[in-house]
Each structure stands twice: as structure tokens, then as C-alpha cells.
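**Q** No sequence on hand, only this structure:
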Ligand SMILES: Nc1ncnc2c1ncn2[C@@H]1O[C@H](COP(=O)(O)OP(=O)(O)OP(=O)(O)O)[C@@H](O)[C@H]1O
Ligand SMILES: [Mg+2]
């Protein structure tokens, strides 16, 4: 059963009265990378957590391609992924534990994934001693290993240097090529132009725009989006 | 004064010679308490972890009860287990009263709340940290408990040592359910109490020294764990 098209209709999240998501309407197809942009506090992380099933919305409906929500088909990488007090190999294979995969197969699958993300030589190191970029790659590989149909990434490169950002983006592209739908947030507009097929612009808990990436940057429809782009990209004015 | 120093001197002679009586009592103590802590570990740690992770009505109450039981006077445990094991009690038919098994049971009752309470605290702290990540990877509660127990293994081994310390040093419960029978149920603490009251100070002092050293070793072990092994995975 496909999860797509995933349709959100009038989804709200109002913990104690204040609207964090204020009627989100959004339709996502099953292909490509959709990047959610928006100012701090717009509700981007809450939107991703809602789709992951971690936050129950207070109103509205989520329609998963006409079927039921399948938690095993949806994965998420957090802005600050946590590592168990254990080895890199244990951490990468963690998602296979609740899927009933035995210890031996977990090791094999984990090793293969470490190869893929370039951490094979660190397999037996303490995962908490990896650099921020390596931990973020590990977190991506950990979710990738569970073969999600929809992958949610919350600012996966927010505190990484350019070469670590590039490594993460390479992995994200690979995951996409395998046919996983990716919905991610970022404050790095360069990254949005590099990765996105389409942009969702969120402000004050509402979707203001959902357009192909080129159109968003060349002719943003709303005043908020224009302001946002100029604010985030001061040098944009010079062109 | 002369009596005291003479008693100490005789105590050291007993220890120096590996006195058979001292050795027998020490070994029995270790056997009973290790077995109790082994069972306590298998029950108490998962119990504490379940209390930390589980979402069920009465969770707070259960935590309060476990914490309260942590400081349970050992004589009270002794009386309760005595009543359960005595002829007319619910477990009377097994004839366990005044056997080492009875002492193990009493010590299990003593250490399980202690170990569960420590485990609950330790696991809950870790869980707060991992909750979202594990939920997103679709961990059920039982897998969560297993992963967290493994993740907290170093802190939890401190709980095990604490349980062993409590089991070895308590006197009230084993005295009541074991009966302090020579060559059968006499352990370090009950022997010390008896020999002191009888005036056989050398034996009491020798056993006291052994007990003290063991407790110090346990604490040193816990300290070493905290400072060396745990650091590797921080
Ligand atoms: N579980 C929650 N319960 C209640 N309020 C929440 C919860 N999570 C987030 N919020 C609130 O929702 C608002 C939006 O937060 P969110 O983290 O989604 O913003 P964001 O768009 O991701 O911002 P940033 O760009 O800074 O990451 C914030 O005011 C936050 O305090
Ligand atoms: Mg956010």
C-alpha cells in the first residue's frame, strides 16, 4: 500500500490555545525531495514530528494515499541525533531491533550500510566520539537501513562545516535515488536550491507557498516569502 | 584495655591462618548474598526499567512505593518472610524456614526494591534523552526496556554493587528467617551479633574486619567503574 499522495487538510496543532500549526493544507507526491522553509518558530519541526506520528495533531486530517498510517514506512532524523553508549555498528543497526532482525544479520546489514556512508573503518569506535558530521551521517544511515518510504529530515546539516554538509547531501541524494520520498527542513538556502524539487514555505503555522524550487526563488508569490529570502540571503540583493 | 588489644591480636591470628570457621561463615555469606543479588538483578533491574518506560495508570504510585520499600527495615522483611515461610504460612509446605534458601528469599525481598529504584532513576534519565529517537525508529516498550538496560549497563552495575552491599551487611532478616544455626545458616552479620553477645570478641572482630573490607572493595569497585569504564562511552 502506497503512502502517497499524502494529503494534509486543515491540520492544526494548538497546545494550550496557541496555534503552532494553524490549518496546514499540503499534498505530497511520492517522489523527490521537498524542502520546508520558514522562519524560526514557523512550525517546521512540529510539522515533521506530526507526520512522524510523534505529535498528535489537535485538528484536521492526514490522508496517507487512502490507506492507514504505516509507522514502519516513515522515518525521521532529528536536528541533534542521539547516540547510544555503544559502538558505531550497534548504533547504525539500532532501527533493525524493533523490526525483529537477529544480532548476526544486524551486524551484516550494519556493516554494509557503514560502507555506504563511509564509516566502515569506525565500526567498533564509540559512537559518541564521532564528529558532528559523522554522527549526522550515522543517523541518516540508521534510518536508511530501515528502508522508509517517507524520510523526514529536520535540519540535518545545521551545525556542520561545508565538507560535512556535502557528505550529508550526497547521502540524501542517494536515498532519494532509491525511491524514498524526502521531506526536509533547512535554513541553508543554498542547500535548498541544491537538493529541492519543490519548496514548501511555512510561516506562522500555515503553508504560504508550495511551488517548484526555481519558481520559489525567482518569483516568490507572497510578501513573506520575498522578505524571508532577502533576509536569509542578504547578498541576493546584489544580483 | 589489655583485653581489647588481645582480642584484636587473636582476631588477626584467625584471619592470618584462614581459620576454618571464619572461612566457612564468610563463604556462606557470599553465597547467600550473591545468589540473592543475582535474582535481584534479574527481577529488580527490568522492573525498574519498566517503571521508567511504561505508560500505565498508577505509575507514579508504583514509583513512590518502590522508593519507600528501598528503606524497608530488614527486621520487618524478616518477619514478613518468616510468616510466609512458617508452617502455617502460604509457603509453609516447602519447609524452607531456617535454611539458606529462606535467607536468600529474605535478601531478594530486601534488594529488589533498592535495585529497582536505582534502575528506575537511571533508566528514566536515559529514556528522556532517547525517547523521540526510539519512538521514531518504532521501538515498542519491551525493546525500549532492553536497549535502555544495555545502554545504562555501567550505571546499573553500580546498582548491583549497592544491592550486594545491602544484602551482605543486613542482619535482621537473615537472623529471623535463618535462625543463625551453626554450620547451616550462620553468616557474617549474625555471627558477629552472636559472638559479641557471647563475649567471643576475636571471632566477632575477625568477621567484622572481613565484612568491612568486602564493603570497602564493593565501593571501590563502584568508584572505579564510574571513573574508568563509564568514561569510555560518555
Ligand atoms: N511538543 C510541543 N508542544 C507544544 N509546543 C511546541 C512543541 N514543539 C514545539 N512547540 C512550539 O511550536 C513552535 C514552533 O516550533 P518549531 O520547532 O516547529 O519551529 P521551527 O519552524 O522548527 O523553528 P526553527 O527554525 O527554529 O527550528 C515553537 O513556539 C515551539 O515552542
Ligand atoms: Mg526546527
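**A** Right, received. Where do you want to start? No experiment lies behind these values; they were computed from the predicted model shown. Ligands and ions are numbered 1, 2, ... in the order given.

**Q** Tell me who's in contact with the closest residue to chain A within chain B.
**A** Residue nearest to chain A within chain B (C-beta to the nearest C-beta): residue B:233, separated by 3.8 Å. C-beta here means a position set from N, CA and C on the backbone, and glycine is covered the same way. Listed by C-beta atoms under 8 Å, 6 or more residues apart in numbering or on different chains, the contact set of residue B:233 reads A:85-86, A:126, A:128, B:154.

**Q** Can you spell out which helices and strands pack onto the helix or strand where residue B:158 lies?
**A** Assigned by DSSP states H and E, residue B:158 belongs to helix B:153-169. Where contact means 3 or more C-beta pairs under 8 Å, 6 or more residues apart in numbering or on different chains; DSSP states H and E, helix B:153-169 is packed against helix B:20-53, helix B:100-136, helix B:188-198, helix B:201-224.

**Q** Contact partners for the residue nearest in space to the middle of chain A?
**A** Compute the mean C-alpha point of chain A, and by C-alpha atoms, centre = their mean the closest residue is residue A:153, 1.5 Å away. Residues counted as contacts of residue A:153 (C-beta under 8 Å, 6+ apart) are A:48, A:76-77, A:140, A:172, A:182-185.

**Q** quick one: which of these sit in helices?
**A** A:48, A:140, A:172 (DSSP state H).

**Q** of those, closest to residue B:126?
**A** For the ones in helices among the contacts of residue A:153, the residue nearest residue B:126 by C-beta to C-beta is residue A:140; the value is 22.9 Å.

**Q** Quick check: the gap between that closest one and chain B.
**A** Residue A:140 is 13 Å from chain B, where distance means C-beta to the nearest C-beta, to the nearest Å.

**Q** Next, count neighbours for the closest residue to that residue other than its chain neighbours.
**A** The shortest distance from residue A:140 to any non-neighbouring residue, by C-beta to C-beta, 6 or more residues apart in numbering or on different chains, is to residue A:171 (5.1 Å). A count of nearby residues for residue A:171, using other C-beta atoms under 10 Å in any protein chain shown, gives 18.

**Q** So residue A:171 is in contact with residue A:113, correct?
**A** No - when contacts are counted by C-beta atoms under 8 Å, residue A:171 is not listed as touching residue A:113 (10.4 Å).

**Q** Which neighbours do these two have in common?
**A** A:141, A:144.

**Q** Who are the contact partners of the closest residue to residue B:110 other than its chain neighbours?
**A** Distances taken as C-beta to C-beta, 6+ apart put residue B:77 closest to residue B:110, at 5.3 Å, once the chain neighbours are dropped. Applying C-beta under 8 Å, 6+ apart to residue B:77 gives the contacts B:106, B:109-110, B:172-173.

**Q** at 7 Å what do you get?
**A** Counting by C-beta atoms under 7 Å, 6 or more residues apart in numbering or on different chains, residue B:77 makes contact with B:106, B:109-110, B:173.

**Q** roughly how far apart are it and residue B:102?
**A** As judged by C-beta to C-beta, to the nearest Å, residue B:77 and residue B:102 stand 12 Å apart.

**Q** Name the helix or strand of chain B that has the lowest mean pLDDT.
**A** When the helices and strands of chain B are compared on mean pLDDT, DSSP states H and E, helix B:230-232 comes out lowest with a mean of 68.

**Q** now the contacts of residue B:77 in JSON lines, with distance to residue B:195 and pLDDT?
**A** Shown next, in JSON lines, are these (distance: C-beta to C-beta, whole Å; pLDDT from 0 to 100):
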{"residue": "B:106", "distance to residue B:195": "21", "pLDDT": "97"}
{"residue": "B:109", "distance to residue B:195": "26", "pLDDT": "96"}
{"residue": "B:110", "distance to residue B:195": "23", "pLDDT": "96"}
{"residue": "B:173", "distance to residue B:195": "19", "pLDDT": "96"}
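
**Q** Most widely separated two among these?
**A** Pairwise distances across these peak at 7.7 Å for B:109 and B:173 (criterion: C-beta to C-beta).

**Q** now, among the contacts of residue B:77, which is nearest to residue A:135?
**A** Nearest to residue A:135 among these, counting by C-beta to C-beta, is residue B:110 at 42.5 Å.

**Q** just to revisit the earlier point, between the contacts of residue B:77, which is closest to residue B:206?
**A** Using C-beta to C-beta, the contacts of residue B:77 come closest to residue B:206 at residue B:173, 23.2 Å.

**Q** pretty sure residue A:207 is in a strand, no?
**A** Yes - under DSSP: H, G, I helix; E, B strand; the rest coil, residue A:207 sits within a strand.

**Q** What residues are recorded as beta-bridge partners of it?
**A** In this entry, residue A:207 is beta-bridged to residue A:202, by DSSP bridges.

**Q** surely it meets residue A:200?
**A** Yes - taking C-beta atoms under 7 Å as the definition, residue A:207 is a contact partner of residue A:200 at 5.8 Å.

**Q** Show me whatever sits in contact with both of the two.
**A** Common contacts of residue A:207 and residue A:200 (C-beta under 7 Å, 6+ apart): residue A:26.

**Q** Contact partners for the residue in chain B positioned nearest to ligand 1?
**A** Nearest residue of chain B to ligand 1: residue B:132, at 9.9 Å (C-beta to the nearest ligand atom). By C-beta under 7 Å, 6+ apart, residue B:132 lies in contact with A:54, A:78.

**Q** same check, this time on the one 3 residues further on
**A** Residues in contact with residue B:135, defined by C-beta under 7 Å, 6+ apart, are residue A:54.

**Q** let's go with 10 Å and repeat that
**A** A:49, A:52-54, A:71, A:76, B:144 (C-beta atoms under 10 Å, 6 or more residues apart in numbering or on different chains).

**Q** and residue 128, how many neighbours does it have?
**A** With no chain named, the answer covers chain A. 16.

**Q** That was the other one, I meant chain B.
**A** Quick note: residue B:128 (other C-beta under 10 Å) scores 10 neighbours.

**Q** List the contacts of it.
**A** residue B:52.

**Q** Pull up the residues of chain A that are close to ligand 1.
**A** Residues of chain A lying close to ligand 1 (C-beta under 6 Å from any ligand atom) are A:15, A:20, A:38, A:40-46, A:55.

**Q** Now list the buried members of these.
**A** With burial judged by 16 or more other C-beta atoms under 10 Å in any protein chain shown, the buried subset of the residues of chain A next to ligand 1 is A:20, A:38, A:42-46, A:55.

**Q** how about those in CSV, adding pLDDT and secondary structure?
**A** Shown next, in CSV, are these (pLDDT from 0 to 100; DSSP: H, G, I helix; E, B strand; the rest coil):
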residue, pLDDT, secondary structure
A:20, 97, coil
A:38, 96, coil
A:42, 95, coil
A:43, 97, coil
A:44, 98, helix
A:45, 98, helix
A:46, 98, helix
A:55, 96, coil
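
**Q** Pick out the most distant pair among the residues you listed.
**A** Farthest pair in those, by C-beta to C-beta: A:38 and A:55, 17.1 Å.

**Q** Can you pull the residues of chain A lying near chain B?
**A** Within chain A, the positions lying close to chain B (C-beta under 10 Å from any C-beta of the partner chain) are A:48-49, A:52-54, A:71-78, A:80-87, A:90, A:94-100, A:126-129, A:139, A:142-143, A:145-146, A:148, A:152.
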